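In: requesting a structural model of the entry that follows:
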Amino acid sequence: MSGRLAAGLTMIAVLLCGGTAPARADAPPRFPAQAVWHQDISQAPLHAQSASMISTLVGLGGFGYGRMQIDFGMRIVQAPQGAPTRTIVGYPSVGQYYAPDCEPVGTPMPVPANSAIEASTGLSCANASDDCHLLVVQGSALYEAYRANASGTGGLQTQCLAVWKLDQVYPASNRGDHCTSADAAGFPIAPLLFNADEVYAATQVSGGDLGHAIRFILPNARIASQSGTKYYVRPASHAGGPSGPVGSVPYGSRLRLRADFPVNLYSPAAQVIVRTMQHYGIVLSDGGNIALTAEADLYTAHKWSELGIDSRTFDLQVAGSPVRIQDFAVLDTGPRIVEDYNCVRNPDPVSQPVVSIANASTSEGNAGTRGLGFAISLSHASASPVTVDVATADGSAFAPSDYLAAATTALAIPAGATSATFTVQIAGDTAVEMDEQFAVALSNPVGATLPDPVASGGLQWQASGTINNDDLAQLSIGDATVQEGDAGKRSVFVPIFLSTPMSSAVGFTVSTPAGSGSATAGTDYLAMTQVGRILDAGRSTTTVAIEILGDVLPEPDETFQVQLSSVTGAIVGKASGTVTLVDDDAAARALVTPTCARWRKGCTRPAPRNHRNLNQSR
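Out: From the prediction side, this is the model:
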């Protein structure tokens, strides 16, 4: 899906959010972006005989009926898991079923009850005379049946059932050289259709297109052959029954609308289709008269009438500038391959690997830089090289102070390999800080897919790089002061703190050493030792509680020490704190002060009495 279309689908979702019955804007099923159908061919080289091939086609009458007409008969059925199945019955007989090109007779196919075969309203179709395509999508599997018709309660007549894996990029020979599918060129059908929802979505984007090639058909009498020899060119793997002159276009031809076609004369919806023919082209898929094939709007939210698109849009909407075969050129997609109808099926494609990235961590170091490698892995090896874009983004770590921002476009995992490494340089410092993180994200994989966010099995498209702080904070203990009280116990809380919070827990032992001050353990306070105390990661403070014993004894203020030891995860700053017991018995001391003899040492000399100086005159 092109970026322009994806943006349009997003816009539709926003516009519909307020509605009472939100509509879906679903495109037909698509292959990965690396598939040939999604290649922008606006600058691709032309075939050396492009002009003569187009001239031959013009002489044959151009498109069927002489105009670019649109058929709206195809339906694409979405089958949920658990949908009822029907068993393939070879039609017109087992011997006429296309084998080994198509899946074996007896293969089950999901067929929901509301399925509609091409040009019908149900599962009954005149498959003796009509193509009667039945297209069903279930998960990443696309089932396409040709000449389908319900048979009894559990059978489905068809001349070919082709099953495609939508999550795979097929080789140039599709399901196998000389192998047909539900289309004569060996192509898938549904991914080359266009529907009203995706056209509407692309109209919401300036210059919008569909992001994929479009299926077109020509009468077999206008498709190249020579004296019974039939040809096809890539991306085809088969030729049907061409009977036209050798100078015409063969099955599989990819045509591009001229760049100077007057797109602006057409309606917005028609412009989307015209631009798609300029950017991605049209590919010759089958024989028939109606040139283009669109999905019917039976299952879509938007309708063709709403968009102003009908079967004659490209020959009648702009009378002076219809879309004609002479407005196209033929691309050079390789030499002609002679069709011998000897189908050799390719092995079923292996699922594209899932590319993921793992978290990584390292200590920061004290200076310079060190590399931190992120493992980028594939779920399994690929036969082709895989590339993916990788880039860093800030989190709690910032570039360039903590790490050096990095980005790589198309980091390669060689064919057959399953891993690569993306390295980010980490900047060292001596600052004490928390562990920090930054992100490394994958995007734009080629040859692989990113993990599904819901069903990823633990795989991830974005990893976390953790820079572990290796500089230790200081753990210290503070001082505290408390009044002793007159009786019982009270607690004093001594602070313990880090200079900076740490990302890991800090362990320590705290105790009151005997004889560490004037206070006496057991009389003034209760001695304690706490081993294995923890200051949790991210915290910077805690306290230790020590019980103080009250009394009414008049005494001086007293002290004792509280000591840190056995510190882990930090370095010791202030290892000892002082607890001061403030005496609060001063009033009692005043009441019990003994009478002192005059001039006795340690006594307070009484103040002199107020008496008359004997030498003073009366």
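
In: C-alpha only now, for contacts and for neighbours.
Out: Noted.

In: isn't residue 475 up against residue 576?
Out: No. Taking C-alpha atoms under 8 Å as the definition, residue 475 is not a contact partner of residue 576, at 10.9 Å.

In: tell me which of the two has more neighbours.
Out: residue 475 (26 against 19; other C-alpha atoms under 10 Å).

In: which SSE is residue 439 in?
Out: Element membership for residue 439 (DSSP states H and E) is strand 436-446.

In: identify the contacts common to residue 475 and residue 576.
Out: Shared contacts of residue 475 and residue 576 (C-alpha atoms under 8 Å, 6 or more residues apart in numbering): none.

In: sorry, back to before: distance from the strand holding residue 439 to the middle of the chain?
Out: Relative to its parent chain, strand 436-446 has a centroid offset of 10 Å by C-alpha atoms, centre = their mean, to the nearest Å.

In: same question for stretch 422-441.
Out: On C-alpha atoms, centre = their mean, the centre of stretch 422-441 falls 24 Å from that of its chain.

In: the strand holding residue 439 pairs with which strands?
Out: strand 386-394 (antiparallel), strand 462-468 (antiparallel) (DSSP bridges).

In: now do the strands in the stretch 251-400 of the chain.
Out: 254-257, 282-287, 292-295, 328-330, 337-338, 355-357, 360-363, 369-378, 386-394 (DSSP state E, counting those that start in this stretch).

In: buried residues, stretch 401-418. List them.
Out: Buried residues in stretch 401-418, counted by 16 or more other C-alpha atoms under 10 Å: 402-403, 405, 407, 411-414, 417-418.

In: name the residues that touch that stretch?
Out: For stretch 401-418, contacts defined as C-alpha under 8 Å, 6+ apart pick out 377-393, 397, 399, 419-420, 424-428, 445.

In: swap the cut-off to 7 Å and go again
Out: Stretch 401-418 has contacts (C-alpha atoms under 7 Å, 6 or more residues apart in numbering) with 377-378, 380-392, 399, 419-420, 424-427.

In: ok, now stretch 123-143?
Out: Applying C-alpha under 7 Å, 6+ apart, the contact partners of stretch 123-143 are 75-81, 115-118, 144-150, 161-167, 190.

In: now do 8 Å
Out: Contact with stretch 123-143 is made by 29, 74-81, 92, 109-111, 115-119, 144-150, 161-167, 182, 190, as judged by C-alpha under 8 Å, 6+ apart.

In: and these, which of them are buried?
Out: Neighbour-count burial within the contacts of stretch 123-143 applies to 29, 74-79, 109-111, 115-119, 144-150, 161-167, 182, 190; the criterion is 16+ other C-alpha under 10 Å.

In: could you pull out the helices for this structure?
Out: Here the chain has its helices, by DSSP state H, at 3-16, 50-60, 196-203, 268-279, 304-307, 313-316, 586-591.

In: are there helices or strands packed against the second one, and which ones?
Out: Judged by 3 or more C-alpha pairs under 8 Å, 6 or more residues apart in numbering; DSSP states H and E, helix 50-60 is in contact with strand 328-330.

In: figure out how far the strand it packs on is from the centre of its chain.
Out: Put simply, strand 328-330 sits 38 Å off its chain's centre (C-alpha atoms, centre = their mean).

In: ditto for stretch 554-567
Out: Centroid separation between stretch 554-567 and its chain, computed with C-alpha atoms, centre = their mean, is 60 Å.

In: CA atoms of that stretch as CSV?
Out: Provided in CSV are the C-alpha atoms of stretch 554-567 (Å, rounded to 0.1, in the frame of the first residue of the first chain):
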residue,chain,number,x,y,z
PRO,A,554,18.5,16.0,86.7
GLU,A,555,21.6,15.5,84.6
PRO,A,556,23.5,17.1,81.8
ASP,A,557,22.6,16.5,78.1
GLU,A,558,24.0,13.2,76.9
THR,A,559,25.0,11.7,73.6
PHE,A,560,25.6,8.4,71.9
GLN,A,561,26.6,7.4,68.3
VAL,A,562,24.8,5.6,65.6
GLN,A,563,27.1,3.9,63.1
LEU,A,564,26.8,2.7,59.4
SER,A,565,28.7,-0.4,58.3
SER,A,566,28.6,-3.1,55.6
VAL,A,567,27.4,-0.7,52.9
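
In: which of the residues in it are buried?
Out: Under 16+ other C-alpha under 10 Å, the buried positions of stretch 554-567 are 558-564, 567.

In: between the residues you listed, which is nearest residue 70?
Out: Nearest to residue 70 out of the buried residues of stretch 554-567 is residue 567 (C-alpha to C-alpha; 81.4 Å).

In: excluding sequence neighbours, find me the nearest residue to the closest one.
Out: Excluding its sequence neighbours, the residue lying closest to residue 567 (C-alpha to C-alpha, 6 or more residues apart in numbering) is residue 508, at 4.3 Å.

In: which ones are touching the one you found?
Out: Per C-alpha under 8 Å, 6+ apart, neighbours of residue 508: 531-534, 564-568.

In: partners of the closest residue to residue 541 other than its chain neighbours in the sheet?
Out: Of all residues not flanking residue 541 in the chain, residue 497 sits nearest, at 4.3 Å (C-alpha to C-alpha, 6+ apart). Under DSSP bridges, the beta-bridge partners of residue 497 are residue 476, residue 541.
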